[in-house]
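Visitor: Mind looking at a prediction? Sequence and model below.
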There are 2 protein chains.
Amino acid sequence: MLVEKKLFHLPELTTIGGATIKDVRVGWESYGTLNADRSNAILVCHYFSGTSHAAGRYAQSDALPGYWDAVIGPGKAIDTDRYFVLSSDTLVNLNANDPTVTTTGPASFDPATGRRYGMRFPEVTISDFVRVQKALVDSLGITRLHAVVGPSMGGLQTYEWAASYPDMVGRIMPVIAAPYPRDWLIAWLNVWAAPIRLDANWNGGDYYDRPAPTAGLVQALKVIGLHANHFESIDATFGRALADGGDKPSRDFAKTFAIESAFEDRLNPRAPLIDANHVLYLVKANQVFIPGAGGGAAAPAEGLKRIRAPTLLLYSPTDLVFPKEWILETAQTLAGNGVSVETAEIPGPMGHLNGVNEIGAQADRIAEFINC
Amino acid sequence: MLVEKKLFHLPELTTIGGATIKDVRVGWESYGTLNADRSNAILVCHYFSGTSHAAGRYAQSDALPGYWDAVIGPGKAIDTDRYFVLSSDTLVNLNANDPTVTTTGPASFDPATGRRYGMRFPEVTISDFVRVQKALVDSLGITRLHAVVGPSMGGLQTYEWAASYPDMVGRIMPVIAAPYPRDWLIAWLNVWAAPIRLDANWNGGDYYDRPAPTAGLVQALKVIGLHANHFESIDATFGRALADGGDKPSRDFAKTFAIESAFEDRLNPRAPLIDANHVLYLVKANQVFIPGAGGGAAAPAEGLKRIRAPTLLLYSPTDLVFPKEWILETAQTLAGNGVSVETAEIPGPMGHLNGVNEIGAQADRIAEFINC
């Protein structure tokens, strides 16, 4: 399945916080064909470090397809022979320098000044991401989405769609996501961001004409990657191997073990594609989010009461980002509000990341939910 | 129970790595009385951020007693009417500037140069901590310890005692501790240390005549504190309260929520008592540790085979530092090696920290094990 990246332009966005952002641009892509009455659209929302590339390949030679290719495609659980599946890059997407990504955020040029926004970019949250998606969906003449689905931060967006635009959503499938972060995750998000601020090159967010805070960024990505994984996978992969293959564990004080250099070896080449300020804005966008704010809700419980769409909650039993306890409690709350809710586990060795890498394990369940 | 801090001086230590450290000084304290045949000694080993202050108070006015006061004292589970309980500050104890702590590490003056060691201090590991403890125990004329006990890093020391000095140890009680860190924890320890290195004030460890890397140190302690806790406690305490009590969650971009400022508010006053280089050395000491190295073991499995002492393993079911799976697997391994092993859970809302703060929940089980 070959995929083409498209551009959506919104001349002006008013954020939940009341700010105005001009010239909003986000990338998007789609799989399958929109039917005549525009009733077969499914929106896929991406996770924290992800992009709109949910399925397929941009070129035959791409090493990997989009992140949920296991369940999106012709004849797959989310069947692109039946559905028009679309996905867009969020605002403040962290892969701001990736040529396949288009986003608007602190690395963008402020039309009012001609300079990069930096930390002068307005604070945005998940509800604002969804406002941009709604404008995209409106622009395609789609008045109702058959389903909204997505993992992790993508799951937050599905709750937001159901709570702020209940008449537009047929069903939602939040995967590895509770409806909003509780204090534990708020604190972890703070920890994710902290290394960037500690890097002297961050310079209050003004580094666009200077060396970027790459060391801090790589540390931030390392914390995120570790937190989203699980010991079952990490321990089996590394087995206490030393970093340099030597027999003494003390050669480099900072990097003794293979696991210590592995993250950095993988992240260093990726770092130039990522903007550090975007990470800070994404962290904030997740921390402050409650569903339904776009519909006027002022508190989490109030927002959840606006959700009416049938819901399939998939969770990972070893998730350390959105623990299964939060998700099972959400199922109870939604059921108590009269919503039709199902839950199912995604097994696998990777903790939170099971919801991305092991999604195929629940392909049948997903197909049943989407097609019912 | 009033406690007096004492000093142990070891003229010279040869480390597991073959380095020589002169003029080793560590603080220690004891509770109860050594009996005539010196057979009633119990050694308590402290956790990562702890000190030898396991029980009692230095003065009536102390706000809090030592960390395991719930189970150490007259008539308590580890009964100081029967046992002589002793505890010492480890090498590279992180509370190097705390007046109640004596330790030897990078903040110490190198007798050879008259300057602070900084990162020139030799690498040490848990086995070296135990070598110093053994010298202290020898100096008291104690040839056999009735028991060695301790939480977390203190638990690592109990395994080391049993594996390297099997004839000297009557029983061990490692609490919230597997015998060595697997890759998952090795990676987390790296994450704990990273903020210190990112702070420009760290300056390769030479900051003793300049401003200390306090911002990085506080971030490091924050990660440790969060990792050792659990969402059950954090979420119940904070309830998404905002940092400034205001109604808008955007006043300070870096600190929106109470949980984000709470850690720093608590850690900032403590930071001057802590040495950042000591944190780096402690991280390394834990990462590279395998039990039995002091007895010649070169691999974890080999070290475990040297353990013969009856063992009580206490663990927290929600522990994210030493997951219960590792500890239950250890019980199986030791039992397979013919060791008498029991296990029990420490319930509570605080994850890893249950092993410190909720130890009283297993007081009866501990008494039974210690007295049998």
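Guide: That came in fine, so what should we check first? Numbers count the residues shown, from 1 in each chain, chains lettered A, B, ... in the order given.

Visitor: Could I get the pLDDT score of the closest residue to A:Pro300 other than its chain neighbours?
Guide: Excluding its sequence neighbours, the residue lying closest to A:Pro300 (CB to CB, 6 or more residues apart in numbering or on different chains) is A:Ile290, at 4.7 Å. (Glycine included, C-beta is placed from N, CA and C.) A:Ile290 is assigned 97 on the pLDDT scale.

Visitor: before we move on, what about the one 10 residues further on?
Guide: A:Pro300 is assigned 95 on the pLDDT scale.

Visitor: Would you confirm that the residue nearest to A:Pro300 contacts A:Gly296?
Guide: No - using CB atoms under 8 Å, A:Ile290 makes no contact with A:Gly296, being 11.4 Å away.

Visitor: higher neighbour count, the two?
Guide: Counted by other CB atoms under 10 Å in any protein chain shown, A:Ile290 and A:Gly296 do not tie: A:Ile290 has more neighbours, with 25 against 11.

Visitor: Which strand or helix spans A:Tyr281?
Guide: helix A:276-287 (DSSP states H and E).

Visitor: which element is the residue nearest to A:Pro300 on?
Guide: Short version, using DSSP H and E: A:Ile290 is in no helix or strand.

Visitor: show me what contacts it?
Guide: Residues counted as contacts of A:Ile290 (CB atoms under 8 Å, 6 or more residues apart in numbering or on different chains) are A:179-180, A:297, A:299-300, A:303.

Visitor: repeat for A:Asn93
Guide: A:26, A:51, A:101, A:103, A:105, A:278, A:282.

Visitor: Tell me the spacing between it and A:Gly50.
Guide: For A:Asn93, the distance to A:Gly50 (CB to CB, to the nearest Å) stands at 8 Å.

Visitor: Where do the helices of the stretch 51-200 of chain A begin and end?
Guide: A:126-139, A:153-164, A:183-198 (DSSP state H, counting those that start in this stretch).

Visitor: Looking at those helices, spot the one closest to B:Trp192.
Guide: B:Trp192 sits nearest to helix A:183-198 of all those, at 10.4 Å, using CB to CB.

Visitor: anything in that closest one near chain B?
Guide: Yes - Helix A:183-198 is in contact with chain B by CB under 8 Å from any CB of the partner chain, via A:183-188, A:190-191, A:193-195, A:197-198.

Visitor: Contact partners for the nearest residue to A:Glu302 once chain neighbours are set aside?
Guide: Leaving aside its sequence neighbours, A:Glu302 sits nearest to A:Gly292 (CB to CB, 6+ apart; 6.5 Å). Counting by CB under 8 Å, 6+ apart, A:Gly292 makes contact with A:160, A:163-164, A:302-304, A:306-307.

Visitor: how about 6 Å then?
Guide: A:163-164, A:303, A:306 (CB atoms under 6 Å, 6 or more residues apart in numbering or on different chains).

Visitor: A:Gly118 too?
Guide: Counted by CB under 6 Å, 6+ apart, A:Gly118 has contacts A:106, A:205-206.

Visitor: at 7 Å what do you get?
Guide: A:106, A:205-206, A:277 (CB atoms under 7 Å, 6 or more residues apart in numbering or on different chains).

Visitor: and which of those residues is nearest chain B?
Guide: Chain B has its nearest neighbour among these in A:Gly205, at 9.5 Å by CB to the nearest CB.

Visitor: what pLDDT does the closest one get?
Guide: 97.

Visitor: tell me, how many neighbours does it end up with?
Guide: Counted with other CB under 10 Å, A:Gly205 comes out at 23.

Visitor: And A:Gln332, by the same measure?
Guide: Neighbours around A:Gln332, by other CB under 10 Å: 11.

Visitor: Against chain B, how distant is it?
Guide: 16 Å (CB to the nearest CB, to the nearest Å).

Visitor: Go ahead and list the helix or strand containing that residue.
Guide: Using DSSP H and E, the element containing A:Gln332 is helix A:324-336.

Visitor: OK, now which residue of the stretch 51-200 of chain A is nearest to chain B?
Guide: Closest to chain B within the stretch 51-200 of chain A is A:Trp184: 3.4 Å, counting by CB to the nearest CB.

Visitor: Flag the shaky bits of the stretch 151-300 of chain A, pLDDT-wise.
Guide: Filtered on pLDDT under 70, the stretch 151-300 of chain A yields the residue ranges A:245-252.

Visitor: sorry, back to before: kindly reformat the residues of helix A:183-198 next to chain B as CSV containing neighbour count.
Guide: Putting the residues of helix A:183-198 next to chain B into CSV (neighbours: other CB atoms under 10 Å in any protein chain shown) gives the following:
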residue, neighbour count
A:Asp183, 23
A:Trp184, 24
A:Leu185, 24
A:Ile186, 23
A:Ala187, 26
A:Trp188, 24
A:Asn190, 25
A:Val191, 22
A:Ala193, 25
A:Ala194, 27
A:Pro195, 29
A:Arg197, 20
A:Leu198, 25
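
Visitor: between these, which is closest to B:Val130?
Guide: A:Val191 (31.9 Å).

Visitor: Max pairwise distance over the contacts of A:Gly292: which two?
Guide: A:Ser164 and A:Gly303 (8.2 Å).

Visitor: State the number of residues packed around the closest residue in space to the residue of the stretch 51-200 of chain A closest to chain B that isn't next to it in sequence.
Guide: Leaving aside its chain neighbours, A:Trp184 sits nearest to B:Phe231 (3.4 Å; criterion: CB to CB, 6+ apart). Close neighbours of B:Phe231, defined as other CB under 10 Å, add up to 22.
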